[in-house]
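**Student:** could you work out the structure for the sequence below:
(one chain, ligands or ions: 3)
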Amino acid sequence: MDVLFDKHDTLSPAAGRVVGVVLNANVWTTFDYLWPAGLGEPAVGRRVQVPFGRGNRGSVAFVVEVDRPRPAMALKAVTAALDDAPSLDATLMRLGQWMSHYYMTPLGMVLAAMVPSSVGQHAPKHETVASLTSGPDDWPKNLGPKQRKLLDALQEARKQGIDSVPLEQLFSHGGDRQTARTLEARQLIRLASRPVQLPALADATPEDALELNDEQAAALAAIEANLAPAGAADKFSVTLLQGVTGSGKTEVYVRAARAVIAAGKQAMLLVPEIALATQTLERLLTRLPRVAVLHSGLTGAQRAFYWHNIAAGEAAVVVGPRSAIFAPLPKLGLIIVDEEHEASYKQDTAPRYHGRDTAVMRGRLAGVPVVLGSATPSLESLVNAQQGRYAWVKLSRRVRNLPMPRLNIVPLRKELSPGKIELIGATLTRKIAAALDRREQVILLMNRRGYASYVFCPACEWQLQCDACTRAMVFHQATQLASCHYCQRSALLPQICPACKGKIVLFGYGIQRIEGELLRKFPTLDRRMARIDSDTMTTPAQFRNVFDEFSRGDLDLLLGTQMVAKGLDFPRVSLVGVVSADTSLTIPDFRAAERTFQLVVQVAGRAGRADLPGEVVVQTLHEDEPAIRFAATHDFDGFAATELPLRHDANLPPFGRMVRFIIRHAHVGLAEQGSRTLATALGRTLPQDIRMTGPMPAGVQKIRNLFRYQLLLTASRAGYIQQVISPRLAELTKDIEAEVIADVDPVNLL
Ligand code: ADP
Ligand code: ZN
Ligand code: ZN
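**Tutor:** Ligands and ions are numbered 1, 2, ... in the order given. This is a model prediction of the structure:
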């Protein structure tokens, strides 16, 4: 970082060029600053520091315009450049501008989210590499054993086409720094320093020898047909790869990525965050060269290292969750979005972007093909495919023609013994026992955290709620505390009802309660089962441990929230149980049925992935719901055909487009008043073809002590609401004291 001026210099009217910058703040203004000599060329996309606000605090800003006309007033100067070259290239700048407009978020906030703050703050790490100056025939006879060993190792690497080998790597084959120095003095090797590089070689694995089946081959051919040959310009396209669970989609991604790498380009693979903790990642790392993995567990320095490698064009493949879509690949040749239906692709803080939709837009702006893969595509992508905007390829069978697992829908009300609080019914109990007897493995899904949902008093109906949010707190057995799932606050369990001094009761059910029930029914599971939810798994390493134990056979049963529904591929899993399909079916959200369908199909897909036949038991109180009925037969088309007309008639997504405004404030009156002011202002400006619902209290009325009201706008065309509202947003909200948040294409309506 070069700091050129101190505060006193910044007001000097020295001649200089004027740049427009945007700040990471909720303001739509572009600010003018002088560009001082000594910071190199001003360029759009460079990250700088500028004096701003009270006390002239240094703020990070992005240059968005160069050589603006010089205004009459005195300007302050940029104080430092945080990068030498633009952090964002022209395509990423355009992507940022699109996001700012589409997601109604100031450009400065968008750009700040696109570039990790650690980038530019860490000099790239260097390593010393050795290379041979001559061949074995020219080596002198008087070599010590250590010297000989080191030279042999280098010669061996050279045979594999690798000329420079990092010393650290050589030393693991014997030899030491002193030996290397001696050889350098004897001019037998050359030592040089270079930035640390990514692992260059992919290991050969048995999967390389797999022959793709007809459907996989056709899918790969369809994707490859969109890839431009080396040297030629790519073209934008989107392909929806709809392949049932276990149909070998990952194998298709790997081969498509290899084709891209062979053409000298880079591939990007977006995955749901959780997948980075599963075997999927291991498989990708062993099968592809020079993979840069971006995940939330990286230190600043690690992230900067990967970022540098990606920007230098050295990383062949970038794998990461939604934010990886902003990685600066100069030779981007293909974007793959795995599990494209996943709600976790939507960010729930500003900028509230959807990773999949942003991927499609990046593909369009960069002019490269995009592949969206899923066993249960989002209805948004399905409609795009049906209407011909996306190419559409299907994998309708599992690899090796393995059968799809059979689903048993078990109506819960007939299963439970009267008078007992139990959640694992007779059928599921019997099947778990049988699977354990056969020494096979079981995965159970219970999509609700905690032990008991409610802590309440039956006498007066008092209920333990979070003070900061308006939600019931959930009791956790392990900590013996009740906690709020919205703000993570926790509280002690009261001994008696604070309202009437009556007896407190724990009621409802969550994953911890199921854990207890399992241990009572199957004592042999003690130490042979693991619970996977965000309470037990706080780091990626914990996941990996559990998954390793499960694949080694040290565990018989995995009990988890939706975290167990995705991407797991264990050959000995023959039984999957869904303890209650109703937890997701009954949330007040128009996507409840779609989510439930996806969840049941995805978790069912974990069963019978190898030679053992798979079976699935789904317990529900709503056995006649279409989401459940169609999931039972893996009938995606049937589900879509039932659900789409309902969405169409109600003008809901994917047909209607939605923007949700949240108006929030610590004072309930101000939140409510703000929502009414906004509604009135909107009512005056909105054209006929934008419908407004509300204002009304949000589903969760208070989160982290902020009261929340909402307004929903619906229109029939994508981007139309933004087009009408964005230019007036500042005007519309200027008299509102509460914070107004726009959530475009919301996926969470609570
Ligand atoms: P999906 O991602 O569609 O659920 P995967 O790509 O994980 O499926 O493939 C499931 C399993 O099938 C993996 O273990 C993979 O190695 C194997 N597999 C993939 N393609 C083939 C093939 N053509 N023949 C045999 N096995 C395959
Ligand atoms: Zn709370
Ligand atoms: Zn009471």
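**Student:** correct me, but A627 touches V601?
**Tutor:** No: the criterion here is Cβ atoms under 8 Å, and A627 misses it with V601 at 9.7 Å. Any C-beta I mention is one placed from the backbone N, CA and C, and that applies to glycine too.
**Student:** report all helices and strands that the longest helix along the chain contacts.
**Tutor:** Using DSSP state H to define each element, the chain has its longest helix at helix 668-685. In this structure, helix 668-685 makes packing contacts with strand 657-665, strand 691-703, strand 706-715, helix 729-733, judged by 3 or more Cβ pairs under 8 Å, 6 or more residues apart in numbering; DSSP states H and E.
**Student:** show me which residues of it are buried.
**Tutor:** Of the residues in helix 668-685, those buried by neighbour count under the rule 16 or more other Cβ atoms under 10 Å are 670-675, 677-679, 681-682.
**Student:** what does stretch 397-409 give?
**Tutor:** Neighbour-count burial for stretch 397-409, with 16+ other Cβ under 10 Å as criterion, is recorded at 397-399, 402, 404-407, 409.
**Student:** so what's the most centrally placed residue in the chain closest to, chain neighbours aside?
**Tutor:** For the chain, P321 is the residue whose C-alpha lies nearest the centre (Cα atoms, centre = their mean; 3.3 Å). The shortest distance from P321 to any non-neighbouring residue, by Cβ to Cβ, 6 or more residues apart in numbering, is to E273 (4.2 Å).
**Student:** mind putting the buried residues of helix 668-685 in TSV, distance to F636 included?
**Tutor:** Below are these laid out as TSV (distance: Cβ to Cβ, whole Å):
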residue	distance to F636
L670	46
A671	41
E672	42
Q673	46
G674	42
S675	39
T677	44
L678	39
A679	39
A681	43
L682	38
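**Student:** list the contacts of the residue nearest to the centre of the chain.
**Tutor:** Going by Cβ atoms under 8 Å, 6 or more residues apart in numbering, P321 touches 270-273, 276, 294-296, 344, 355.
**Student:** that older thread, contact partners of the longest helix of the chain?
**Tutor:** Contact with helix 668-685 is made by 661, 663-665, 692, 694-696, 706-711, 713, 724-725, 728, 732-733, 735-738, 740, as judged by Cβ under 8 Å, 6+ apart.
**Student:** quick one on the thing from earlier: which one among the contacts of P321 gets closest to G38?
**Tutor:** For those, the closest approach to G38 (Cβ to Cβ) belongs to L294, at 33.0 Å.
**Student:** distance of the closest one from A324?
**Tutor:** 5 Å (Cβ to Cβ, to the nearest Å).
**Student:** so for these two, which residues contact both of them?
**Tutor:** V318.
**Student:** list the contacts of L281.
**Tutor:** The contact partners of L281, by Cβ under 8 Å, 6+ apart, come to 271, 275, 293, 319.
**Student:** switch the helices and strands packed on helix 668-685 over to CSV; also include mean neighbour count and mean pLDDT.
**Tutor:** As requested, the helices and strands packed on helix 668-685 are exported to CSV (neighbours: other Cβ atoms under 10 Å; pLDDT from 0 to 100):
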stretch, mean neighbour count, mean pLDDT
strand 657-665, 23, 93
strand 691-703, 17, 86
strand 706-715, 22, 92
helix 729-733, 15, 86
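**Student:** turn those into TSV, columns for distance to ligand 2.
**Tutor:** Formatted as TSV, the helices and strands packed on helix 668-685 follow (distance: least, Cβ to the ion, whole Å):
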stretch	distance to ligand 2
strand 657-665	14
strand 691-703	7
strand 706-715	11
helix 729-733	27
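**Student:** for ligand 3, which of these is the nearest?
**Tutor:** strand 691-703 (22.5 Å; Cβ to the ion).
**Student:** quick one: that closest one to strand 706-715, angle?
**Tutor:** Going by axes from the mean of the first three to the mean of the last three Cα atoms, to 10 degrees, strand 691-703 is angled at 160 degrees with respect to strand 706-715.
**Student:** how far away from the center of its chain is strand 691-703?
**Tutor:** With Cα atoms, centre = their mean, to the nearest Å as the basis, strand 691-703 stands 27 Å off its chain's centre.
**Student:** before we move on, what about stretch 628-643?
**Tutor:** How far stretch 628-643 lies from its chain's middle: 26 Å, per Cα atoms, centre = their mean.
**Student:** using PDB, write out every CA atom in that stretch.
**Tutor:** What follows is stretch 628-643, C-alpha atoms only, in PDB (Å, rounded to 0.1, in the frame of the first residue of the first chain):
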ATOM      1  CA  ILE A 628     -45.100 -35.900  -1.200                       C
ATOM      2  CA  ARG A 629     -47.000 -38.000  -3.700                       C
ATOM      3  CA  PHE A 630     -44.700 -37.100  -6.600                       C
ATOM      4  CA  ALA A 631     -41.600 -37.300  -4.600                       C
ATOM      5  CA  ALA A 632     -42.600 -40.900  -3.800                       C
ATOM      6  CA  THR A 633     -42.200 -41.800  -7.500                       C
ATOM      7  CA  HIS A 634     -39.300 -39.400  -8.300                       C
ATOM      8  CA  ASP A 635     -41.700 -37.800 -10.600                       C
ATOM      9  CA  PHE A 636     -40.300 -34.300 -11.200                       C
ATOM     10  CA  ASP A 637     -42.400 -33.700 -14.300                       C
ATOM     11  CA  GLY A 638     -45.500 -34.700 -12.500                       C
ATOM     12  CA  PHE A 639     -44.800 -32.300  -9.600                       C
ATOM     13  CA  ALA A 640     -43.900 -29.500 -12.000                       C
ATOM     14  CA  ALA A 641     -47.100 -30.000 -14.000                       C
ATOM     15  CA  THR A 642     -49.200 -29.700 -10.800                       C
ATOM     16  CA  GLU A 643     -47.300 -26.800  -9.300                       C
END
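**Student:** who in the protein is up against ligand 1?
**Tutor:** Residues of the chain lying close to ligand 1 (Cβ under 6 Å from any ligand atom) are 207, 210-213, 216, 243, 245-251, 399-400, 569.
**Student:** among those, which lie within helices?
**Tutor:** 216, 249-251.
**Student:** so who does Q710 touch?
**Tutor:** Q710 sits next to 660-663, 675, 694-698 when contact means Cβ under 8 Å, 6+ apart.
**Student:** redo that, cut-off 10 Å
**Tutor:** Contact analysis of Q710 by Cβ atoms under 10 Å, 6 or more residues apart in numbering lists 660-664, 675, 693-699, 701, 741, 743, 746, 749-750.
**Student:** gap between it and Q701?
**Tutor:** Taken as Cβ to Cβ, the span from Q710 to Q701 is 10 Å.
**Student:** ok, R94 next?
**Tutor:** R94 sits 39 Å away from Q701, going by Cβ to Cβ.
**Student:** swap in L365?
**Tutor:** Counting by Cβ to Cβ, the gap from L365 to Q701 is 39 Å.
**Student:** before we move on, what about R356?
**Tutor:** Distance, R356 to Q701, using Cβ to Cβ: 30 Å.
**Student:** re earlier: among the residues of the chain next to ligand 1, name the ones in strands.
**Tutor:** Among the residues of the chain next to ligand 1, the ones falling in strands (DSSP state E) are G243.
**Student:** give me the element L183 is part of.
**Tutor:** helix 177-185 (DSSP states H and E).
**Student:** show me what the helix or strand following that helix is packed up against.
**Tutor:** Counting by DSSP H and E, the next helix or strand C-terminal to helix 177-185 is strand 189-195. Applying 3 or more Cβ pairs under 10 Å, 6 or more residues apart in numbering; DSSP states H and E, one finds that strand 189-195 contacts strand 126-132, helix 145-159, helix 177-185, helix 300-311.
**Student:** sorry, back to before: next, the buried residues of the helix holding L183.
**Tutor:** Applying 16+ other Cβ under 10 Å to helix 177-185 flags 179-180, 182-183 as buried.
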